[in-house]
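Novice: Mind folding the following:
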Amino acid sequence: MNIYITAAVKELKEKLNAYLSLLSYRYANLCVKAELGALLPVTVMAERDYNLEDVAKVATPDDFRFEIYPNVPDHLQAIIAAILEVHPEFKMELVREDYGNHNQHIVYTMPEVDKDRRKLLNDTAKVFYEECKAEIDAACAVYMTELPELEGRLSVEDFTEVTRVLKRTREETLQTCDELYQKKLGEIDEAHQHYLTDHADDDQGHAGFDVTSSMKLFDE
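Specialist: Reported below is the predicted structural model:
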């Protein structure tokens, strides 16, 4: 295939992969399970701005909890404030160690997925999915509309190949987008079933803290 066309196809694939990465990032921050990607946006303001991994160690003892161990005890409150800013829906607990100089670590538990939160998560996941699909289609359309201009400048073999590659690239990217969406819906449904099991017939939602109005959504 023509070297310039190859470069253009590579550029398109990079754009499409960026849209998929953004969707994955958004879904990681649409928290159902304790995914490390949910902590990537956290900026800890201490002596200067730090990434969370620069000032603390993070563990995931199970699918629904983070354990945060500050490297320096003085950074504890700054870490709490930073995570609260990004994920106010997390349930926080301070745990004092049995050893050391008043060391404490933080345990964050993902909020339960009651019927209201399930609706919020499903609706938001759909919005992110549709936005990703629209970006994919828009990016591919730019390249596809240029195909007629290339027909007379390329060999028949090259034109056929670039057409095939562009269509396949679009289809494969949309398929991955669909898979990410379905996976997130599955996680949401699984967490909701877990909630129903724990609460039997009581699905009245959280008392005192409305996670549906306090979740921060990520645009970039």
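
Novice: if you skip the residues just before and after it, what's nearest to R170?
Specialist: Once flanking residues are discounted, R170 sits nearest to C140: 4.3 Å by CB to CB, 6 or more residues apart in numbering. (Each C-beta comes from the backbone N, C-alpha and C, glycine too.)

Novice: who touches that neighbour in this structure?
Specialist: Remark: with contacts taken as CB atoms under 8 Å, 6 or more residues apart in numbering, C140 is in contact with L12, L16, L166, T169, R170, T173.

Novice: what's the neighbour count on T163?
Specialist: When neighbours are counted by other CB atoms under 10 Å, T163 registers 15.

Novice: for the one 3 residues further on, same thing?
Specialist: Applying other CB under 10 Å, we find 19 other residues in the vicinity of L166.

Novice: Quick check, it in contact with V142.
Specialist: No - using CB atoms under 8 Å, L166 is not in contact with V142, being 10.4 Å away.

Novice: among the contacts of C140, who's most crowded?
Specialist: Among these, T173 has the most neighbours (other CB under 10 Å), with 24 neighbours.

Novice: For it, which non-adjacent residue is closest in space?
Specialist: In space, and not counting its chain neighbours, T173 is closest to L16: 4.4 Å by CB to CB, 6+ apart.

Novice: which stretch of helix or strand covers the one you found?
Specialist: Using DSSP states H and E, the element containing L16 is helix 3-28.

Novice: Can you spell out which helices and strands pack onto that helix?
Specialist: Under the contact criterion of 3 or more CB pairs under 8 Å, 6 or more residues apart in numbering; DSSP states H and E, helix 3-28 touches helix 115-145, helix 156-199.

Novice: want to throw these into a markdown table with distance to T109 and mean pLDDT?
Specialist: Putting the helices and strands packed on helix 3-28 into a markdown table (distance: least, CB to CB, whole Å; pLDDT from 0 to 100) gives the following:
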| stretch | distance to T109 | mean pLDDT |
| --- | --- | --- |
| helix 115-145 | 14 | 94 |
| helix 156-199 | 12 | 90 |
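
Novice: would you turn the ones you listed into a markdown table with distance to T43?
Specialist: As requested, these are exported to a markdown table (distance: least, CB to CB, whole Å):
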| stretch | distance to T43 |
| --- | --- |
| helix 115-145 | 22 |
| helix 156-199 | 25 |
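
Novice: Among these, which comes closest to E97?
Specialist: Closest to E97 of the helices and strands packed on helix 3-28 is helix 156-199 (CB to CB; 29.0 Å).

Novice: just how off-centre is that closest one within its chain?
Specialist: The chain centroid and the centroid of helix 156-199 are separated by 14 Å under CA atoms, centre = their mean, to the nearest Å.

Novice: Run through the neighbouring helices and strands of that helix.
Specialist: Judged by 3+ CB pairs under 8 Å, 6+ apart, helix 156-199 is in contact with helix 3-28, helix 115-145, helix 147-151.

Novice: Now render the ones you listed as JSON lines, adding distance to E53.
Specialist: JSON lines is the format used below for these (distance: least, CB to CB, whole Å):
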{"stretch": "helix 3-28", "distance to E53": "15"}
{"stretch": "helix 115-145", "distance to E53": "25"}
{"stretch": "helix 147-151", "distance to E53": "45"}
